[in-house]
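Q: whatever this is, show me its structure:
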Amino acid sequence: MEEKKNIAQLDDIKLLVDEFYSKVREDELLAPIFNTRIGDRWPEHLEKMYRFWQTVLLEDHTYFGSPFTPHAHMPIDKNHFDQWLALFYQTLDEHFAGDKLIEAKWRAEKMAQMFQLKIEHYRQNPTAQIL
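A: Alright, predicted model coming up:
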């Protein structure tokens with residue numbers, strides 16, 4: 001059995017991202033959305049997610065961009081976010097322990113909440129500019 005450790009370096013981020021998105025790509029609810037949206041660009045998406053989580057969790061600023069914008073008009077709702085979080089938490093719990101695991105869960109939950117609120121805002125205000 002793999003010894004669980006804190007998320008401390010880029011290799012840990014890569015393990016988290018690779019394992020998580022492996023689950024997403026097979027998930028009954030999420031796979032159709034992700035696989036359709038990303039298509040054959042999975043390597044690029046994974047690289048972007050490495051940089052994103054490296055920036056968020058390791059404070060090594062390698063991600064520059066707007067994470068919400070690509071999600072603004074996706075056909076997703078609370079059920080999708082709940083499943084995304086469940087798979088993310090499962091992946092974290094399988095491989096990691098420590099304060100960064102707790103932080104990763106907290107940050108993922110806050111992102112999911114914020115994305116849901118913003119998506120709902122843009123659905124109710126279709127002429128609003130996406131920020």
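
Q: residues near the closest residue to Gln9 other than its chain neighbours, how many?
A: Among residues not flanking Gln9 along the chain, Leu58 sits closest, at 7.3 Å (C-beta to C-beta, 6 or more residues apart in numbering). Glycine gets a C-beta too; all of them are placed from N, C-alpha and C. Neighbour count for Leu58, taken as other C-beta atoms under 10 Å: 16.

Q: which intervals of the chain have sub-threshold pLDDT?
A: Across the chain, the ranges flagged by pLDDT under 70 are 1, 128-131.

Q: again, only this time at 80
A: 1-2, 66-74, 122-123, 126-131 (pLDDT under 80).

Q: which parts of it are strands?
A: Taking DSSP state E, the chain contains no strands at all.

Q: from Ser66, how far out is the residue nearest to Gln9?
A: 20 Å (C-beta to C-beta, to the nearest Å).

Q: again with Asp18
A: 24 Å.

Q: which one is Phe34 nearest to, not counting chain neighbours?
A: Val24 (5.4 Å).

Q: these two touch, right, the one you found and Ala31?
A: Yes - contact criterion C-beta atoms under 8 Å: Val24 and Ala31 qualify, at 6.7 Å.

Q: identify the contacts common to those two.
A: By C-beta atoms under 8 Å, 6 or more residues apart in numbering, Val24 and Ala31 have no common neighbours.

Q: between the two, who's got more neighbours?
A: Comparing Val24 with Ala31 by other C-beta under 10 Å, the one with more neighbours is Val24, at 20 against 13.

Q: in contact with that one, which residues?
A: 30-31, 34, 84, 87.

Q: mind redoing it with 7 Å?
A: With contact set as C-beta atoms under 7 Å, 6 or more residues apart in numbering, Val24 has these partners: 30-31, 34, 87.

Q: give the ChimeraX command for selecting the buried subset of those.
A: One line in ChimeraX is enough to select the buried ones among the contacts of Val24; burial here means 16 or more other C-beta atoms under 10 Å:
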select :30,34,87
